[in-house]
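Undergrad: what shape does this take:
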Amino acid sequence: SFCMWLDLSIISPSRNEWYLQQTIDDIMAKAEGSIEVIVVLDGYWPTPPLKDDNRLIIVHRGQGMGMRAAINAGAAIAKGKFLLKCDAHCMFAQGFDTVLAADCMDNWVVVPRRYALDPKKWQLIDNPKYPIDYMYLSKDLHGEVWNEKNKDAKLKEKLIDETMSNQGSVWLMPKSYFYELELMDEDTYGTFWNEFQEIGLKCWLSGGKVMVNKKTWYAHWHKTKN
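TA: Numbering: from 1, shown residues only. Below is the predicted model:
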C-alpha cells in the first residue's frame with residue numbers, strides 16, 4: 001500500500017499508443033525513488049491490457065478529452081512532491097527520477113537531456129543531431145533546436161543550465177509550482193498544442209526558470225522523423 005506522499009508522480013497521457021507498456025516497464029525498472037505512474041487512457045483501452053503493478057494507477061476516460069485534460073486529471077490525484085509528465089513512448093536513464101528531483105528549485109521546470117528512441121529495438125538511435133540540450137522559441141513561438149548551443153564545447157561542461165524552450169515530451173516540476181502556474185489551460189491553449197510554450201512562458205513571467213539537467217537523459221520516439 002502507498003504512503004500518503006511520494007517523491008514523484010509520473011503522468012503519461014495516452015491515446016492509442018503502441019509502446020505504452022514498454023514505457024511503463026522502463027520507468028518501473030529505472031526509477032530509484034518512491035514513485036507512482038498515473039496513466040491516463042484518453043478514450044481507449046490498450047490491447048493487451050496493461051500489466052498489474054502496485055505503483056501503477058490507471059485513469060480511463062470514456063471519450064477522448066485531449067492531452068491537457070489528461071495531464072490535469074493525473075495531477076489532480078497525484079501524491080508526489082514532484083510531477084513528471086512523459087509521453088507514452090520514452091526510455092529513461094537509470095535513476096532519472098532522483099537525479100531530476102535533486103536539482104529542482106521551487107520555481108524551476110526541469111527537462112533531461114534528450115536522445116532519439118528506436119522503439120522496436122528499444123535503444124538509442126545513433127544520430128549526430130543528438131543529444132539535444134537547448135531549444136529556443138521561434139518568431140511564431142515554436143520550439144526549435146538550438147544547434148549553436150548544443151554544439152558549444154564550453155556549455156557541455158555546464159551540467160545544469162537554463163534553456164529557452166523544450167519539446168514537451170518530458171518535464172518535471174514541483175507539484176505546487178504546477179498549480180501556481182495554473183497549468184494546463186485548455187480555454188487559452190486548446191486541448192493539445194503548445195504545451196511547453198504555455199509552461200515556459202508562464203514560468204518566465206512568474207520569475208521562474210526552465211532548466212536542462214544533463215546529468216540524466218531520456219530517449220523519445222519521434223513519430224514522423226528521427
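Undergrad: find the residue at the geometric middle of this structure.
TA: The centroid of the chain falls nearest to residue 170 when counting by CA atoms, centre = their mean (1.8 Å).
Undergrad: surely that residue and residue 86 touch.
TA: Yes - judged on CB atoms under 8 Å, residue 170 makes contact with residue 86 at a distance of 4.7 Å. For glycine as for every other residue, the C-beta is placed from the backbone atoms N, C-alpha and C.
Undergrad: now residue 86: phi and psi?
TA: With angles defined as degrees, to the nearest 10, residue 86 sits at phi -140, psi 150.
Undergrad: do the one 3 residues further on as well
TA: Dihedral angles phi and psi of residue 89 (degrees, to the nearest 10) take the values phi -150, psi 60.
Undergrad: secondary structure class for residue 214?
TA: Using DSSP: H, G, I helix; E, B strand; the rest coil, the structure places residue 214 in strand.
Undergrad: who are the contact partners of it?
TA: Going by CB atoms under 8 Å, 6 or more residues apart in numbering, residue 214 touches 112, 113, 131, 133, 156, 158, 159, 160, 161.
Undergrad: give me the subset of these lying in strands.
TA: In strands, judged by DSSP state E, the following of those are found: 112, 113, 160, 161.
Undergrad: list only those of these flagged as buried.
TA: Those of those that meet the buried threshold are 112, 113, 161, by 16 or more other CB atoms under 10 Å.
Undergrad: so can I have TSV of the residues you listed showing pLDDT and distance to residue 140?
TA: Formatted as TSV, those follow (pLDDT from 0 to 100; distance: CB to CB, whole Å):
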residue	pLDDT	distance to residue 140
112	98	26
113	98	26
161	98	25
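Undergrad: which of these sits closest to residue 213?
TA: residue 112 (5.7 Å; CB to CB).
Undergrad: before we move on, the earlier item: for the residue nearest to the centre of the chain, give its distance to residue 51.
TA: 22 Å (CB to CB, to the nearest Å).
Undergrad: what's next to the helix or strand hosting residue 68, contact-wise?
TA: Element membership for residue 68, per DSSP states H and E: helix 67-77. Residues from elsewhere that reach helix 67-77, judged by CB under 8 Å, 6+ apart: 9, 11-14, 38, 40, 42, 57, 59, 61, 65, 83, 85, 175, 178-179, 183-186, 189-192, 195.
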